[in-house]
Structure formats: C-alpha cells, structure tokens
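Peer 1: Generate a structure from the sequence data that follows.
(one chain, ligands or ions: 1)
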Amino acid sequence: RERAMVERRQRLLGPAYRLFYERPFHAVRGEGAWLFDAEGERYLDCYNNVASLGHAHPVVVEAIARQAGLLNTHTRYLHETVLDYAEALLATFPASLGHVMFTCTGSEANDLALRIARAATGGEGIVVTSLAYHGVTSALAELSPSLGEGVPLGRHVATVAPPDAYRGGPGMPARFAADVAAAFAGLARHGIRPCALLVDTMFTSDGVFPDPPGFLAAAAAAARAAGALFIADEVQPGFGRTGTMWGFERHGVEPDIVTMGKPMGNGHPVAGLAIRPSLLERFGGRVRYFNTFGGNPVSAAAGLAVLRVLREEGLPANAAVVGAQLLAGLRGLAGRHAVIGDVRGAGLSIGVELVRDRSTREPATAETARVVNALRERRVLISASGPGANTLKIRPPLCLSREQADLFLAALDGVLAEA
Ligand code: PMP
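Peer 2: Sure thing, here's the model as predicted:
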C-alpha cells in the first residue's frame with residue numbers, strides 16, 4: 001500500500017519532493033505526542049515541531065471549527081480576533097517589538113523581514129550560517145546554503161561557521177561574533193552595504209547549537225556595529241520549544257525583527273513577524289503590504305488558542321523539565337555507545353551527533369541514516385541534520401511526558417546496541 005502511494009505521489013506531484021525514511025510513513029491520525037498509521041499502529045512523534053501542543057489539540061481544533069463555522073475571508077475587512085491575537089502575541093515579546101505582521105508561512109515571514117530590512121538600512125548584505133535554511137522563496141533560496149550546490153548563494157550573501165563548540169573548540173561560540181564582523185567587512189570590500197544578520201537562534205539545520213546561553217548577544221552587537229539589523233528566525237525555536245517562549249531570550253538579546261511560523265497555529269498555517277516600529281516607517285510609507293490569507297480570522301483564532309494552551313498547560317516549563325531528562329538520559333547512553341560524539345540541546349530541541357571515532361570525530365553519516373530508519377521501524381520518529389547529516393534531530397511535541405521520554409531513550413538504546 002505504501003509503495004503504491006509513493007508511486008502515485010511521484011506520478012502526480014513530480015520529482016521535487018522528498019519523503020522521510022526508507023519506508024515512507026503514512027500517518028492518518030494524531031493525538032498528543034502519538035501518530036497513528038493506517039493500520040492503527042502507534043508511533044512516538046519526536047520529529048514534528050509543528051503540532052507543538054500535541055496533535056489535534058482539542059482547544060485549537062475547537063477554536064478553528066468555531067471560527068470556520070462563522071466566517072473566514074481575506075484580510076481587507078476589520079476583524080476583532082486578529083487584533084486580540086496581535087495583542088496577545090506582542091505581550092510575549094520585549095516592549096521594543098511593538099508591531100506584528102501576519103503571513104501564512106515562515107518563508108513569507110523571512111521574505112517580508114528582508115524586504116523591510118533592506119528598506120530600513122538601504123543595504124543588501126546578509127550574513128547567515130554555513131548550513132542555514134530560511135525558506136522557499138527565490139530570495140531566501142539565495143541565502144539558504146543547506147539547499148546545496150544546486151542553488152548558488154547570492155553575491156550579497158556571506159556565510160559564517162555555526163557556533164559549534166564540539167568541532168570548533170571551546171573558543172568557538174565566542175569567535176562567532178568576530179566571524180560575523182569579518183563577514184560584514186568582507187561584503188563591504190565588495191561594495192555591498194550591510195543589511196542583516198539572519199540566524200535561527202538554535203541553529204537547527206546547522207546541527208543544533210544552543211550553548212553557551214548568551215553568546216548570541218555579542219554577534220547581534222557585531223551586526224549592529226556594522227550597521228546591520230539582527231533578525232532572529234524563531235520558526236524552529238519559538239513558542240516555548242527551548243524552555244523559554246523565544247530562543248533569543250536564552251541569549252539576553254532583543255532582536256530588531258523576529259520571524260515565526262511552524263508551531264504558531266499547531267499545524268494550521270499561521271506565521272508572521274514582530275518588529276521595532278521605527279523600522280517599518282520607510283517600508284510602510286512606500287509599500288502597501290497585502291497578504292490574502294495572512295492573519296485571516298481562522299488563523300488568528302488558531303494562533304490565539306495556541307497561546308492560551310501554551311500558558312495554561314505550562315508547556316515551555318514542561319519542555320525545560322522533560323528536555324533536561326532527555327539530555328541526561330542521552331548523556332547516559334553516550335557512556336555506553338561510543339558512536340555518540342556529542343549531546344546538546346535546550347528544552348525539547350536536541351541534537352545528538354554520531355561519529356565513527358571519538359578522537360577524529362569523523363561523521364557517522366551512513367550509521368545515522370540507519371539509526372533514523374531503525375527507530376522508525378521501532379515506531380519512533382526523528383530525523384537528522386548538520387553538515388555530515390550525522391546529527392540526530394529530536395523535537396517532540398512540548399507535551400512529551402516523562403514516560404514517553406523514557407520510551408524514546410529505551411528505543412534509541414536498543415537501536416544503538418543492535419548497530
Ligand atoms: N526558517 C527556518 C529556520 C525553518 O526551519 C523553516 C522551515 N523548515 C523556515 C524558515 C520556512 O518556513 P516554511 O516552511 O513555513 O515556509
């Protein structure tokens with residue numbers, strides 16, 4: 001049945017899409033941290049950072065259904081729910097971020113952030129990390145090196161190594177700010193004026209680099225000293241995943257623009273940005289921004305319900321507690337399995353780097369793929385990232401329980417013992 005579906009998909013959708021796992025997964029239903037396949041078999045979802053509250057959360061489902069039953073339309077009419085949502089969302093940010101704009105995807109949010117940043121700075125130069133992913137539009141593909149050599153970077157884009165203390169040595173996170181300064185200086189030598197430092201505050205596609213808390217503040221300062229803005233891409237870390245509402249909070253820094261998406265509607269497409277109001281003056285004076293679905297009534301109702309559940313269920317705090325349990329358990333596994341080179345993370349955003357040899361740190365690329373696929377056969381879903389595709393990426397819903405964390409650890413232990 002799976003094979004027939006894969007063939008049908010290829011015939012209908014063409015060759016540009018990729019599926020996860022050697023045996024692609026067909027989910028038909030979700031509940032909490034569980035996904036169920038067509039046969040009713042239960043899988044622990046440690047991959048999905050979209051349904052962050054848990055799959056099909058009843059409060060969000062109810063909010064979506066209620067608003068959809070009343071009205072959904074484009075965003076040219078007055079609608080109260082979007083204002084209530086904007087207010088509730090802005091209350092989660094530092095007071096300096098006084099406006100919010102809504103889009104449907106994280107890509108649109110980053111694309112809009114870049115347009116505004118260009119208008120505000122008059123510059124074009126963008127600094128990103130060497131395996132960054134920021135989205136699908138052509139402007140973002142030009143600055144998303146993780147898309148590979150098929151998509152060349154723009155002339156206005158410079159990359160810096162991610163703050164990787166495992167491979168870069170303990171001085172690395174501190175060096176990150178100096179690298180950012182040097183990257184802007186390099187662009188300036190080619191006559192390219194600074195626009196923005198754009199980073200995922202957990203460096204997810206680079207391989208997950210959260211430590212030490214605070215190091216990003218110096219990089220933001222370096223960007224600003226060069227005349228650039230600091231844009232925090234919170235599409236992955238935002239909404240409580242790292243144990244705080246926003247990833248940048250761990251670094252004690254206030255971004256100029258924050259972009260967000262993925263878990264914002266717990267699966268319903270909602271995305272947007274928060275911004276310092278003064279930055280919007282030039283852009284807003286020249287451009288009339290319209291996004292048909294961005295901030296539509298149903299999306300706003302979903303987003304508002306997500307904020308309520310995050311607060312009422314204390315999910316950021318749960319992410320911190322269960323994340324710490326997972327990190328401790330993974331460090332325990334590292335004592336038994338030499339293939340584990342490094343364990344790192346914050347809250348429920350965790351990376352486990354697998355290596356062939358702890359002294360050379362040679363990436364265990366093929367082994368990592370085998371572990372991901374073997375876990376899938378044990379009904380635990382994760383993925384991998386990083387330059388050698390050798391970092392297990394673990395991002396369960398924020399409602400993950402202690403028992404489910406133990407179940408994950410036991411499954412990984414079993415798979416590594418077999419390998
Ligand atoms: N930024 C980051 C850090 C992301 O991980 C992603 C999606 N993986 C995006 C932006 C783009 O979001 P979307 O797919 O919703 O357009």
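Peer 1: Let me see the contact set for the residue in the stretch 101-250 of the chain that the ligand sits nearest to.
Peer 2: Using CB to the nearest ligand atom, the single residue of the stretch 101-250 of the chain nearest to the ligand is G106, 2.5 Å away. Any C-beta I mention is one placed from the backbone N, CA and C, and that applies to glycine too. For G106, the contacting residues are 135, 233, 235, 259-262, 271, by CB atoms under 8 Å, 6 or more residues apart in numbering.
Peer 1: Setting the sequence-adjacent residues aside, check what's closest to it.
Peer 2: Among residues not flanking G106 along the chain, G261 sits closest, at 3.0 Å (CB to CB, 6 or more residues apart in numbering).
Peer 1: So for the residue of the stretch 101-250 of the chain closest to the ligand, what pLDDT did the model give?
Peer 2: The model reports G106 with a pLDDT of 98.
Peer 1: Off-centre distance for the longest strand seen in the chain?
Peer 2: Counting residues, the longest strand found in the chain (DSSP state E) is strand 349-357. Taking CA atoms, centre = their mean, to the nearest Å, one finds strand 349-357 lying 18 Å from the centre of the chain it belongs to.
Peer 1: Mind listing the strands it pairs with, and their directions?
Peer 2: Paired strands of strand 349-357, with direction, are strand 340-346 (antiparallel), strand 362-363 (antiparallel), strand 391-394 (antiparallel) (DSSP bridges).
Peer 1: Can you report how many residues lie near the nearest residue to H337 once chain neighbours are set aside?
Peer 2: Distances taken as CB to CB, 6+ apart place L416 nearest to H337, at 4.3 Å, with adjacent residues excluded. Taking other CB atoms under 10 Å as the criterion, the count of residues near L416 is 21.
Peer 1: Tell me if I'm right that L416 and A334 touch.
Peer 2: No: with contact defined as CB atoms under 8 Å, L416 does not reach A334; the gap is 9.9 Å.
Peer 1: can you list the residues of the stretch 201-350 of the chain near the ligand?
Peer 2: 204, 233, 235-236, 261, 271 (CB under 6 Å from any ligand atom).
Peer 1: and those, which of them are in strands?
Peer 2: Per DSSP E, strands hold the following members of these: 233, 271.
Peer 1: Quick one: the residues of the stretch 201-350 of the chain next to the ligand as JSON lines, columns for neighbour count too.
Peer 2: Shown next, in JSON lines, are these (neighbours: other CB atoms under 10 Å):
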{"residue": "T204", "neighbour count": "28"}
{"residue": "D233", "neighbour count": "32"}
{"residue": "V235", "neighbour count": "26"}
{"residue": "Q236", "neighbour count": "26"}
{"residue": "G261", "neighbour count": "27"}
{"residue": "A271", "neighbour count": "27"}
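Peer 1: Can you tell me which of the residues of the stretch 201-350 of the chain next to the ligand is closest to R189?
Peer 2: Nearest to R189, judged by CB to CB, of these is D233 at 26.4 Å.
Peer 1: pLDDT score for the residue nearest to the closest one when sequence neighbours are not counted?
Peer 2: Sequence neighbours aside, D200 is the residue nearest to D233 in space, at 4.6 Å (criterion: CB to CB, 6+ apart). Looking at D200, its pLDDT reads 98.
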